[in-house]
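Student: A predicted structure for the sequence below; I have some questions about it.
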Amino acid sequence: MAEWKEFHSITRPWMRLAFERGRGLGLCMAWCGVIVQIDGSHSANRHSLHLSPKGPHFVSAGHEAGLCAAVLSFIQGQLTACQSGPQHETCRETLELATCVQWPQRMLRIAPKSVTLEDFNSDMIGKFAALSYCWGSASELETNPPLRLTSSTSRTLRAGMQVQHLPLTISQAAKLCNSLRIRYLWVDALCIMQDNRQDWEMEAKKMAAIYSKAIITIIAASSTSCHSGFMEFDAHLGGHELDSPLPYTTGKLISRPRNYSGFHNDSNSSASGQDPIDRRGWTLQEEVLSTRYVKFTRKDIQWECRGSTQCMCRQRYSPKSRPAFWSSKQESTRGGHGEFQLDWDVVMKRFNTRSFSIDTDKLLALSGLARRKAQKLTIDNAIYGSCYVGGLWISTTKADIGDQLLWLRTIGTGFGDYYKDYVAPSFSWTSISAPVTPCKEYHDHLSWTSMRPQHCKEVYDWQAVGYLGEGSPMHLCHVLDVRADPVSASDIFGMVSNGFLVVRTPVVPCVVRGYSSGPWVTFKAAIASNLPSFMVFGIGGDCASFDCHVSRVRRNNGEATVRRCEHMIPFEDTACSIAIISQYDRGSTSQRSDPVWVGLLLGREIQGDGYQRLGIVYFESHPRPTEKVDLSVWTETITIY
């Protein structure tokens, strides 16, 4: 039975809006915010209703934003407000602070009908825009090679090229710059020598400066390639005017599907809300580093800077709907400036879900963010920079090593992909392709019940781990040495050819067996008879999170070990190790007082005495110890590669 309700406007007591409530439909209304929203049980049935006193101001399907006065007015209005508004002081300070900036080597000068490649000079500072876009798939680039800056095309580009001869995405960005009276544009394909590896590596190091110092970054989010363009929108963008008139007002009622693109796409939204650019690895740092940007999605045009978040769809934006890369807390740096701090945990979670055409580019695509993080740290940059290892910030003088090493493949996702080519050391989250999460985010709600391993026979009964602690963990691991060998000696934030971590921590033996359903971990007296009795119990697959598939291999000395691989083949019990990193007390809701340990599951290297990380293990004591557990007898020095 449907139920009719009425909403009365607070500011307009005479205004009423009746709706039918039933079959999972609901309605929320904001008269002052001119938004009335109806949510259905399925995403296809979700619509937003907009009361616009001036009528619809969106472009219609197929309309080019570069030719639409409403879109230009929106972008120009936001840009003007950011350049002069009192709430945008942080934006202006970021752009004006030009100390030790590595400027790009080249820029495109924009004319009404042409672009010309020029060497960068001081007159270009504060007068250029940057473009963030997808180049395209490997097959598309092969069948339709785009224009690129090479030794053979340099002379043509420096002589000037007609805008219509550029790839469509770049052409539209140039037209937009011209409409906004921005004189210069930086595009990676046309401003970096693509056939000169040395020039490419040198310019790639300047990403942080390019995007943070640009007047505006144009993000072609909806574009699938440099040829597809980004100024055509779904038919829904224009909205649909409803026939029902509103009493006592000249406003119009506009309906369109709810928007999940851009910053309206939160962790609860389906992947269908993502734009092509959200899946490309390189573009994350281009967006995060930008002081201000305008993003063109299939369903919206969005503006974001340090002081404002606006969109043409006028759907309410909730900051809590997505994690913030920049913390609102302003801390003082050595220069005395209060600036937003980069949240590296958010970078980790958002970056590792993206893909790369070339796997070894992964750390390069992260290097701009790493440089920005290093600049904002309150300790000496040189010391902390030397401890940046493949995506991790590791210090031999700080006790938070557990927070860095204890990451895991996000619960509910499949095994990560194993890189054939070397990308990063195994203890770094950048060494696999999979969504990852810091373990500390799970500690408040991790709970296992019914964890008795079905496949393991020689184990004791399993007790539920329960909830982990409410306080800070006690880290048992101490870093003795850490190092990464950069491919380019001058770039510690770029690609690496090798890396290792030397730690002193308790290390206990365990057993790994590979089943068709996945690998399992156990403690077995037959393998490790000298283990203390409280550790002789089954762990089970659900308490061991493997980073990727594993397999049994032979070391050079003939011993068997377990290593990462592309595809897992079932194997028998194989000796491995657990490096215990941290100890957690149980929460106040737990009836037990004994601790829970978290450690790295390790397999041996093919040669030498080192280890490779396989995953994360949570385990407890059973039976419960009657006295404090002493792990010092198990402490040793190990090297993880």
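Tutor: Sure, I can see it.

Student: Could you tell me how many residues sit around Asp609?
Tutor: Residues within reach of Asp609, counting by other C-beta atoms under 10 Å, total 8. Every residue, glycine included, has its C-beta placed from N, CA and C.

Student: And for Gly499?
Tutor: Neighbour tally, Gly499, other C-beta under 10 Å: 22.

Student: what about it, which SS state?
Tutor: Following DSSP: H, G, I helix; E, B strand; the rest coil, Gly499 is assigned to strand.

Student: And Gln87, by the same measure?
Tutor: Following three-state DSSP, the label given to Gln87 is helix.

Student: which non-adjacent residue is nearest it?
Tutor: Closest residue to Gln87 apart from its sequence neighbours, by C-beta to C-beta, 6 or more residues apart in numbering: Gly307 at 4.6 Å.

Student: wait, doesn't the one you found sit right on His88?
Tutor: Yes - checked against C-beta atoms under 8 Å, the pair Gly307 and His88 is within contact range at 4.0 Å.

Student: shared neighbours of those two, anything?
Tutor: The contact sets of Gly307 and His88 overlap at Cys82 (C-beta atoms under 8 Å, 6 or more residues apart in numbering).

Student: Extract the CA atoms of the helix ranked longest in the chain and return them as CSV.
Tutor: Longest helix in the chain by number of residues (criterion: DSSP state H): helix 69-84. The C-alpha coordinates for helix 69-84 follow below in CSV (Å, rounded to 0.1, in the frame of the first residue of the first chain):
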residue,chain,number,x,y,z
ALA,A,69,28.9,29.6,-22.8
ALA,A,70,27.4,28.0,-19.7
VAL,A,71,30.4,25.7,-19.2
LEU,A,72,32.9,28.4,-19.9
SER,A,73,31.1,30.7,-17.4
PHE,A,74,31.2,27.9,-14.8
ILE,A,75,35.0,27.3,-15.2
GLN,A,76,35.9,30.9,-15.4
GLY,A,77,33.8,31.8,-12.4
GLN,A,78,35.5,29.1,-10.3
LEU,A,79,39.0,30.1,-11.5
THR,A,80,38.4,33.8,-10.7
ALA,A,81,37.1,33.0,-7.3
CYS,A,82,40.1,30.8,-6.6
GLN,A,83,42.5,33.5,-7.7
SER,A,84,41.0,36.2,-5.6
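
Student: next helix or strand past that helix?
Tutor: Later in the chain than helix 69-84, the nearest helix or strand by DSSP states H and E is helix 89-96.

Student: That following helix packs against which elements?
Tutor: helix 69-84, helix 207-213, strand 338-342 (3 or more C-beta pairs under 8 Å, 6 or more residues apart in numbering; DSSP states H and E).

Student: Can I get the ones you listed in a markdown table including mean neighbour count and mean pLDDT?
Tutor: Listed next are those as a markdown table, based on neighbours: other C-beta atoms under 10 Å; pLDDT from 0 to 100:
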| stretch | mean neighbour count | mean pLDDT |
| --- | --- | --- |
| helix 69-84 | 16 | 91 |
| helix 207-213 | 22 | 90 |
| strand 338-342 | 17 | 60 |
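
Student: gap between His567 and Ser516?
Tutor: According to C-beta to C-beta, to the nearest Å, His567 and Ser516 sit 12 Å apart.

Student: cool, and Ser582?
Tutor: Between Ser582 and Ser516 the computed distance is 32 Å (C-beta to C-beta).

Student: Which stretches in the stretch 501-641 of the chain count as strands?
Tutor: Taking DSSP state E, counting those that start in this stretch, the strands of the stretch 501-641 of the chain run over residues 518-522, 544-546, 550-554, 560-564, 571-584, 596-604, 611-620, 635-640.

Student: Also the stretch 351-500 of the chain?
Tutor: 388-389, 392-393, 407-409, 417-418, 432-433, 436-438, 474-475, 478-486, 496-515.

Student: Nearest to Val617, out of those strands?
Tutor: For the strands of the stretch 351-500 of the chain, proximity to Val617 was assessed by C-beta to C-beta; strand 496-515 is nearest, at 7.7 Å.

Student: List the residue ranges of the stretch 101-250 of the chain that fall below the pLDDT cut-off.
Tutor: 234-250 (pLDDT under 70).

Student: and what of the stretch 401-550 of the chain?
Tutor: Those would be 442-472, 523-542, if you go by pLDDT under 70 across the stretch 401-550 of the chain.

Student: okay, now the domains of this structure?
Tutor: 3-59+235-257, 65-234+265-319, 385-640 (automatic domain parsing).

Student: now the strands for the stretch 101-250 of the chain?
Tutor: Counting by DSSP E, counting those that start in this stretch, the strands of the stretch 101-250 of the chain are 106-110, 114-119, 128-132, 161-162, 184-186, 217-219, 240-241.

Student: What strands flank the second one, and is each parallel or antiparallel?
Tutor: Each strand that pairs with strand 114-119, with its direction, by DSSP bridges: strand 106-110 (antiparallel), strand 161-162 (antiparallel).

Student: buried residues in the first one?
Tutor: Pointing back at strand 106-110 there. Neighbour counts over strand 106-110 (16 or more other C-beta atoms under 10 Å) mark Arg106, Met107, Leu108, Ile110 as buried.

Student: Let's have those in a markdown table, adding distance to Ser357.
Tutor: Below are the buried residues of strand 106-110 laid out as a markdown table (distance: C-beta to C-beta, whole Å):
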| residue | distance to Ser357 |
| --- | --- |
| Arg106 | 23 |
| Met107 | 26 |
| Leu108 | 24 |
| Ile110 | 28 |
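
Student: Which of those residues sits closest to Phe74?
Tutor: Within the buried residues of strand 106-110, the smallest distance to Phe74 is 20.5 Å, found for Ile110 (C-beta to C-beta).

Student: ok, Phe571 touching Arg554?
Tutor: No - contact criterion C-beta under 8 Å: Phe571 and Arg554 do not qualify, at 11.5 Å.

Student: Quick check: the gap between the residue nearest to Asp300 when sequence neighbours are not counted and Arg292.
Tutor: Ranked by C-beta to C-beta, 6+ apart and with sequence neighbours excluded, the top spatial neighbour of Asp300 is Cys313, at 4.5 Å. Using C-beta to C-beta, Cys313 is found at 19 Å from Arg292.

Student: do the same with Leu190
Tutor: For Leu190, the distance to Arg292 equals 22 Å [C-beta to C-beta].

Student: Could you do Gln78 as well?
Tutor: With C-beta to C-beta as the criterion, Gln78 and Arg292 are 8 Å apart.

Student: Give me the common contacts of the two.
Tutor: Joint contacts of Gln78 and Arg292 (C-beta under 8 Å, 6+ apart) are Trp303, Cys305.

Student: thinking again about what came up before, can you add distance to Met124 and give the strands of the stretch 351-500 of the chain back as JSON lines?
Tutor: Conversion of those to JSON lines gives the following (distance: least, C-beta to C-beta, whole Å):
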{"stretch": "strand 388-389", "distance to Met124": "30"}
{"stretch": "strand 392-393", "distance to Met124": "33"}
{"stretch": "strand 407-409", "distance to Met124": "40"}
{"stretch": "strand 417-418", "distance to Met124": "41"}
{"stretch": "strand 432-433", "distance to Met124": "37"}
{"stretch": "strand 436-438", "distance to Met124": "39"}
{"stretch": "strand 474-475", "distance to Met124": "48"}
{"stretch": "strand 478-486", "distance to Met124": "30"}
{"stretch": "strand 496-515", "distance to Met124": "33"}
